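Engineer: what's the 3D shape of this:
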Amino acid sequence: MRWALVKVCVAVTAMVVVAFAVPLGLVIREMARDRAFSNAERQAAAVAPALSITTDRDQLERVVASAGSDAGLAVHIPASGGTSAVDLGRQRATDTDIAAIRRLGRASTTEVSGGSALLQPVALSSGEIAVVEVYVPQAEVSNGVGLAWAVLAGVGAVLVVGSVAVADRLGVRMVGPAQRLVEGARELGEGKLGARVPEEGPAELRLAAVAFNSMADQVVQLMANERELAADLSHRLRTPLTVLRLNAASLGDGPAAEQTRAAVAQLEREVDTIIRTAREAKPQTALPGPGAGCDAAEVVRERMAFWSALAEDEGRKVRLAGVERPVRIPVARADLAAALDALLGNVFRHTPEGTAFAVDVHNGDDAVIVLVSDAGPGITDPEAAMARGRGSGNAGSTGLGLDIVRRLAESTGGDVRIGSSVLGGTEIRVWIQLADRTPTRRGHRVRRAGGSWPGSLSGAGRRGFSRSSPRP
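Structural biologist: Numbering: from 1, shown residues only. Modelled structure (predicted):
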């Protein structure tokens, strides 16, 4: 924008300079020509009175010498009566031009070698017409024109340079605030809610900066209100949780009672975590640093141990693979646990009792894939299942589980995909990009039921997943 403004100013100034300098240069040239021929006319007029009095050669030579340089002045007197023709000075005009002047009886100019000649007719006492020839060199005609044109060119160049300087200052004054506004909008889009724009520059940009800052303040306030609302809603769960805990305490001893009490305690801890996170959360503006994140294998083992007890009660076969060695991922432990609970909870909620399921973790050089598959009826509308707030449409479905998983994967640059599992039901594939890769991906992909994944990993092939494997 800045350089565009400079180019426009240079173009406009150049057009103005050309519009004025070219006609002025032509006028200066004509003025120099008129000055030169005016001097020639004065020289011819100085000789004319003497010609009307005498035609004596000696006297005329003295008059010519006193009138100017005899090298540029010539007098041509025709023969009359018993006198012969007299020619004083160097003749440059042709005899035809001189004869034409005598015949016409008025002054005229003609082109000669090296310049021009002014031919001035003068009537003699004998009735004949003498011609005074004044030579005007080309250098005298253009005397001072080159210097005047150089001055005009210099003035034009100064005007153009000055316009560039002025346009550059104006451009800085306009482009600077505009660039800061763009940078502020980019930072706000990246989640840096403290981004603000200085209210400076032209009136329009100042108004835009005021509007941007007001919008950013409203965004911060809205997010604060949203966190408080989430905390308040979570706090409402404490009353029924207290009742559940008291009831669980009265169940006595036994595996079922212990599992119930453990589940209630875990639920209370999750509610407390939600309340603290909602009120203390800061907008994420960068990827986790080195050493941040968690061991995905450990989290998967822990959550599978929790869900395996319920799976045993419902007669579900469970398979777990890929968690023998540590698998570091740039995701907080609580976030990964919440995502796994959402995926496994969907299996228990939307498949009949006795339906088998499996969890596989594949550790590659640049990504980690977590597969949750089941032998259930599958998902009839994967697109709707991935849409936030829509869910499967079944009773008890809020449509937030898969969205939680999707946002976790996308925070690392990965994604979530729904497909058909080797068990015959649904397969949820969570692609988690490792921290050494810049996240560039957004959105999710959904494979229609019955299709196949490009480069799908199954059975022994899944255990061989590596960076060279094609990404699904």
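Engineer: Now do the helices in the stretch 301-450 of the chain.
Structural biologist: Listed from the start of the chain, the stretch 301-450 of the chain has helices (DSSP state H, counting those that start in this stretch) covering 333-350, 382-386, 401-410.
Engineer: rank these by pLDDT, which is bottom?
Structural biologist: Among the helices of the stretch 301-450 of the chain, helix 382-386 has the lowest mean pLDDT, at a mean of 75.
Engineer: How far away from the center of its chain is it?
Structural biologist: The chain centroid and the centroid of helix 382-386 are separated by 36 Å under C-alpha atoms, centre = their mean, to the nearest Å.
Engineer: Over to stretch 168-187?
Structural biologist: Stretch 168-187 has its C-alpha centroid displaced from the chain centroid by 12 Å (C-alpha atoms, centre = their mean).
Engineer: average model confidence for that stretch?
Structural biologist: Mean pLDDT, stretch 168-187: 80.
Engineer: Output it in CSV with nothing but the alpha carbons.
Structural biologist: Provided in CSV are the C-alpha atoms of stretch 168-187 (Å, rounded to 0.1, in the frame of the first residue of the first chain):
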residue,chain,number,x,y,z
ASP,A,168,6.5,8.2,1.6
ARG,A,169,5.8,10.1,4.8
LEU,A,170,2.0,9.9,4.0
GLY,A,171,2.4,6.2,3.3
VAL,A,172,4.1,5.6,6.6
ARG,A,173,1.4,7.5,8.4
MET,A,174,-1.3,5.5,6.7
VAL,A,175,0.3,2.1,6.2
GLY,A,176,1.8,1.9,9.7
PRO,A,177,-1.5,1.9,11.6
ALA,A,178,-3.0,-0.4,8.9
GLN,A,179,-0.2,-2.9,9.4
ARG,A,180,-0.6,-2.8,13.2
LEU,A,181,-4.3,-3.3,12.7
VAL,A,182,-3.6,-6.4,10.6
GLU,A,183,-1.1,-7.7,13.1
GLY,A,184,-3.5,-7.2,16.0
ALA,A,185,-6.3,-9.1,14.1
ARG,A,186,-3.9,-11.9,13.4
GLU,A,187,-2.8,-12.1,17.0
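Engineer: Just the buried residues of it, please?
Structural biologist: Buried positions in stretch 168-187, judged by neighbour count with 16 or more other C-beta atoms under 10 Å: 168, 171, 174, 175, 177, 178, 180, 181, 184, 187. All C-beta spots, glycine's among them, are computed from the backbone N, C-alpha and C.
Engineer: hang on, the earlier thing: okay if I get the helices of the stretch 301-450 of the chain as TSV plus distance to residue 293 and mean neighbour count?
Structural biologist: What follows is the helices of the stretch 301-450 of the chain, written out as TSV (distance: least, C-beta to C-beta, whole Å; neighbours: other C-beta atoms under 10 Å):
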stretch	distance to residue 293	mean neighbour count
helix 333-350	8	20
helix 382-386	25	18
helix 401-410	12	20
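Engineer: Any idea which of those gets closest to residue 376?
Structural biologist: The minimum distance between residue 376 and these falls on helix 333-350, with 6.8 Å, by C-beta to C-beta.
Engineer: elements contacting the closest one?
Structural biologist: Here helix 333-350 touches helix 255-280, helix 296-313, strand 357-363, strand 367-374, helix 401-410, strand 426-433, going by 3 or more C-beta pairs under 8 Å, 6 or more residues apart in numbering; DSSP states H and E.
Engineer: let's go with 7 Å and repeat that
Structural biologist: helix 296-313, strand 367-374, helix 401-410 (3 or more C-beta pairs under 7 Å, 6 or more residues apart in numbering; DSSP states H and E).
Engineer: so where do the helices sit in the stretch 101-250 of the chain?
Structural biologist: 138-141, 145-189, 203-235, 238-249.
Engineer: now the ones you listed in a markdown table, with distance to residue 23?
Structural biologist: Output for these, formatted as a markdown table (distance: least, C-beta to C-beta, whole Å):
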| stretch | distance to residue 23 |
| --- | --- |
| helix 138-141 | 19 |
| helix 145-189 | 11 |
| helix 203-235 | 39 |
| helix 238-249 | 90 |
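Engineer: So for residue 276, which of those sits nearest?
Structural biologist: Closest to residue 276 of the helices of the stretch 101-250 of the chain, according to C-beta to C-beta: helix 203-235, at 8.4 Å.
Engineer: got the buried residues for that closest one?
Structural biologist: Neighbour counts over helix 203-235 (16+ other C-beta under 10 Å) mark 205, 208, 209, 212, 213, 216, 227, 230, 231, 234 as buried.
Engineer: residue ranges with poor pLDDT in the chain?
Structural biologist: The model of the chain has pLDDT under 70 over residues 1-6, 66-71, 81-82, 172, 231-233, 235-236, 238-239, 277-292, 387-401, 435-472.
Engineer: out of all of them, which helix in it is the longest?
Structural biologist: Longest helix in the chain, counting residues (DSSP state H): helix 2-53.
Engineer: Would you pull up how far that one lies from the middle of the chain?
Structural biologist: Distance of helix 2-53 from its chain centroid, counting by C-alpha atoms, centre = their mean, is 48 Å.
Engineer: helices or strands next to the helix or strand that comes right after that helix in the packing?
Structural biologist: Going down the chain from helix 2-53, the next helix or strand is helix 57-67, by DSSP states H and E. With contacts defined as 3+ C-beta pairs under 7 Å, 6+ apart, helix 57-67 has these neighbours: helix 2-53, strand 73-77, strand 86-88.
Engineer: Just send those back as JSON lines, with distance to residue 304 and mean neighbour count too.
Structural biologist: What follows is these, written out as JSON lines (distance: least, C-beta to C-beta, whole Å; neighbours: other C-beta under 10 Å):
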{"stretch": "helix 2-53", "distance to residue 304": "60", "mean neighbour count": "15"}
{"stretch": "strand 73-77", "distance to residue 304": "122", "mean neighbour count": "24"}
{"stretch": "strand 86-88", "distance to residue 304": "129", "mean neighbour count": "17"}
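Engineer: For the nearest residue to residue 418 once chain neighbours are set aside, give its distance to residue 417.
Structural biologist: Closest residue to residue 418 apart from its sequence neighbours, by C-beta to C-beta, 6 or more residues apart in numbering: residue 382 at 4.1 Å. The gap separating residue 382 from residue 417 is 9 Å, by C-beta to C-beta, to the nearest Å.
Engineer: got it, and residue 241?
Structural biologist: Look at residue 241 and residue 417: by C-beta to C-beta, they are 35 Å apart.
Engineer: For the two, indicate the residue with more neighbours.
Structural biologist: Each of residue 241 and residue 417 has its neighbours counted (other C-beta atoms under 10 Å); residue 417 has more, 20 against 16.
Engineer: Surely the more buried one is in contact with residue 430?
Structural biologist: No. Shown here, residue 417 and residue 430 do not form a contact pair, counting by C-beta atoms under 7 Å, at 8.4 Å.
Engineer: Can you pull the residues that touch both of those two?
Structural biologist: The overlap between the contact sets of residue 417 and residue 430 (C-beta atoms under 7 Å, 6 or more residues apart in numbering) is empty.
Engineer: who's in contact with the nearest residue in space to residue 212 that is not next to it in sequence?
Structural biologist: Distances taken as C-beta to C-beta, 6+ apart place residue 197 nearest to residue 212, at 5.2 Å, with adjacent residues excluded. By C-beta under 7 Å, 6+ apart, the contact set of residue 197 is 180, 181, 184, 209, 212, 213.
Engineer: Having no further points to raise, I will conclude here.
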